[in-house]
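>>> Would you be able to build a 3D model of this:
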Amino acid sequence: MSHGKIREDKTCLNCGYQVEERFCPHCGQENTERRQPFYFLFTHFVEDFTHYDGQFWGTVKNLLFKPGRLTNTYLEGKRQKFVPPVKLYIFVSFITFFLFALFPPFKINYGHTEKKEHDVTKTSTTKNQTVQNIVNGIEAEKLEVKDSAKIAELNQAQTYIQDSLKKGSFQEGLISTLDTDNKIADDSGFLGYKTQEEYDKGTANKKDIFSFINDPFAHKFFSLKEEGVKKGDILRNLIETSFHNLPKALFIYLPIFAFFLWIFHSKRKWWYFDHGIFTLHYFSFLLVSILILALLIKAAGSLAEYTFFPSLISLIIFAVSIYGLIYFFIAHRRVYKSHGVVSIIIGAIIFFLNLIAFTFLVTGLALVSFLMLH
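Below you'll find the predicted structure:
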């Protein structure tokens, strides 16, 4: 309930209707003073979403602990009891990604610290010594073998190992797998072409249905190669750009998720609108769950020096993850009121299809994010 100062004039500023109490009975506008203290901007924002009369907190409680309750209540026509689905989703999405911006759920660090470099050097030296011991063992075995064919085979093996050791192939994997500290190699290419000029000439007369995809990716690849951008910077920017585009991807996927629900349920009993309400509530729950998991992971990292708390938080994370997995099936059963086994089968099919579709969407998001790198 707003705490803005009530006007003495009982005429509604919006429609001119007579207002006997706080709200106009004709248009619903609150009859408060036109000008308020500056802090009212912030208090009004909080009040608008949290509703001090308990609407918001009641919505959150039912969203988290009573799967399907919000959807059933809304479809029954009780629209004022809880926060509307669209408003709830927008607010939860805003809070989730706002907190993620302030407290990133992951930290990307590609630089090798002095300690790591020392460990890599030490490990590399140990492995080189091991390989050298193998070579020495082969040499000793050659002294004991009298068969010329066997000696030739041992010589070949010894030569191969020594050459591999010199080239460093036995040290692969000791440095970062992605080699993030280095730039894109000069001899690396896209579809077999080393430069943009080679690509343009080679594909000039080979345009096909995939050209509209290959061309922009080739241009971006060669552009990054010419600029000398490090692989670690590319990967970091790719992850960050993809993460920033995730809210858009989720919003785009809302109608797709509802479409899969529409396919598997009676068209006479359930309208696409009904599936949309279920989807908004379910996605709101997913966002809240992701936020809770991210905060728990942060807490576990901060309390890592203690013995008891990390184990407890890990147990809570596991419980929240399992609950998040079965939440959909519980909500689906309560809203669509299918038979237990039928509901589980249909729910599993819908869940699996959405998992595949969302994977394609995330892949597309990553590809778009790559094109947006700069």
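
>>> C-alpha from now on. contacts and neighbour counts both.
Will do.

>>> Got the domain ranges for the chain?
1-48, 51-109+230-374, 113-175 (automatic domain parsing).

>>> mean pLDDT for these: which is lowest?
Ranked by mean pLDDT, these bottom out at domain 113-175, which scores a mean of 55.

>>> returning to what we had before: output the domains of the chain as JSON lines; include the columns mean neighbour count.
Below are the domains of the chain laid out as JSON lines (neighbours: other C-alpha atoms under 10 Å):
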{"stretch": "domain 1-48", "mean neighbour count": "14"}
{"stretch": "domain 51-109+230-374", "mean neighbour count": "16"}
{"stretch": "domain 113-175", "mean neighbour count": "13"}
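
>>> Out of those, which gets nearest to residue 190?
For residue 190, the closest of the domains of the chain is domain 51-109+230-374, at 14.4 Å, according to C-alpha to C-alpha.

>>> Output the domains of the chain in a markdown table; the columns should cover distance to residue 220.
Output for the domains of the chain, formatted as a markdown table (distance: least, C-alpha to C-alpha, whole Å):
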| stretch | distance to residue 220 |
| --- | --- |
| domain 1-48 | 43 |
| domain 51-109+230-374 | 6 |
| domain 113-175 | 27 |
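
>>> closest one to residue 198 among these?
Among those, domain 51-109+230-374 comes nearest to residue 198, with 20.2 Å by C-alpha to C-alpha.

>>> Give me the neighbour count for the nearest residue to residue 190 once chain neighbours are set aside.
Distance criterion C-alpha to C-alpha, 6 or more residues apart in numbering; nearest residue to residue 190, sequence neighbours excluded, is residue 218 at 6.3 Å. Using other C-alpha atoms under 10 Å, residue 218 is surrounded by 21 other residues.

>>> pretty sure residue 72 is touching residue 335, no?
Yes: between residue 72 and residue 335 there is a contact under C-alpha atoms under 8 Å: 6.0 Å.

>>> Okay, residue 189 and residue 97: tell me how far apart.
Using C-alpha to C-alpha, to the nearest Å, one obtains 37 Å as the distance from residue 189 to residue 97.

>>> in this protein, which spans are helices?
40-50, 55-65, 69-75, 85-102, 114-144, 148-167, 196-203, 211-227, 231-263, 272-302, 308-336, 340-371 (DSSP state H).

>>> Now distance to residue 26 too, for those helices, in CSV please.
Below are those laid out as CSV (distance: least, C-alpha to C-alpha, whole Å):
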stretch, distance to residue 26
helix 40-50, 20
helix 55-65, 23
helix 69-75, 24
helix 85-102, 23
helix 114-144, 71
helix 148-167, 84
helix 196-203, 67
helix 211-227, 56
helix 231-263, 35
helix 272-302, 28
helix 308-336, 35
helix 340-371, 45
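
>>> for the nearest residue to residue 335 once chain neighbours are set aside, what are its contacts?
In space, and not counting its chain neighbours, residue 335 is closest to residue 68: 5.6 Å by C-alpha to C-alpha, 6+ apart. With contact set as C-alpha atoms under 8 Å, 6 or more residues apart in numbering, residue 68 has these partners: 278, 330, 331, 332, 334, 335.
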